[in-house]
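Asks: Okay, here's the prediction I keep looking at, along with the sequence it came from:
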Amino acid sequence: MSRVQSKTELLLLQTHLEPQEAKREQDHQQFTKEITTMIVSLRSQFLVNTQKILSENKDIRIRPPHSPNFFNCKFPDCIYCQLRESMEDHLKLMNKSLTAHVTTSAEKQQQTRIFPRKKKQDKINLD
């Protein structure tokens, strides 16, 4: 029994030029693996940067993080809520950008199928 694929997954599969569905699925899994590796790396970098900023500002009192259930607490000094809100905004922007890139790629691929490029013919010199 195959699982239901999301619209994004289907679009990603359609951007591959590989005509075999099994190969496209393999390419999609490889893409997902690479994205996961990138996210883990960025997460580590973010944590290192956060720790550095906090250690450089030890004299500033920081409100302790609270349960995510209380987001958005509206306290102006709640770094947790400010960071979370910023991250959510960036994720929305990234999702919008990714969807646009995938859609554009799919449209270009579709146009290529409808209007395939003409092969350059050898010119014959009649002189």
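Replies: Done, it's in.
Asks: alpha carbons only for contacts and neighbour counts from here, please
Replies: Fine.
Asks: Can you tell me the element residue 52 falls in?
Replies: In the assignment (DSSP states H and E), residue 52 maps to helix 21-56.
Asks: Now do the buried residues in that helix.
Replies: Within helix 21-56, the residues that count as buried by 16 or more other Cα atoms under 10 Å are 24, 25, 27, 28.
Asks: Then stretch 83-102?
Replies: So for stretch 83-102, counting by 16+ other Cα under 10 Å, buried means 99, 102.
Asks: CA atoms of it as CSV?
Replies: Provided in CSV are the C-alpha atoms of stretch 83-102 (Å, rounded to 0.1, in the frame of the first residue of the first chain):
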residue,chain,number,x,y,z
LEU,A,83,12.7,34.2,18.1
ARG,A,84,9.8,31.9,17.5
GLU,A,85,7.8,34.5,15.7
SER,A,86,10.8,35.5,13.6
MET,A,87,11.4,31.8,12.7
GLU,A,88,7.8,31.2,11.8
ASP,A,89,7.9,34.3,9.5
HIS,A,90,11.1,33.0,7.8
LEU,A,91,9.6,29.5,7.4
LYS,A,92,6.5,30.9,5.7
LEU,A,93,8.7,32.9,3.4
MET,A,94,10.9,29.9,2.7
ASN,A,95,7.9,27.7,2.0
LYS,A,96,6.5,30.3,-0.4
SER,A,97,9.8,30.6,-2.2
LEU,A,98,10.3,26.8,-2.4
THR,A,99,6.8,26.4,-3.8
ALA,A,100,7.4,29.1,-6.4
HIS,A,101,10.7,27.5,-7.5
VAL,A,102,9.2,24.1,-7.8
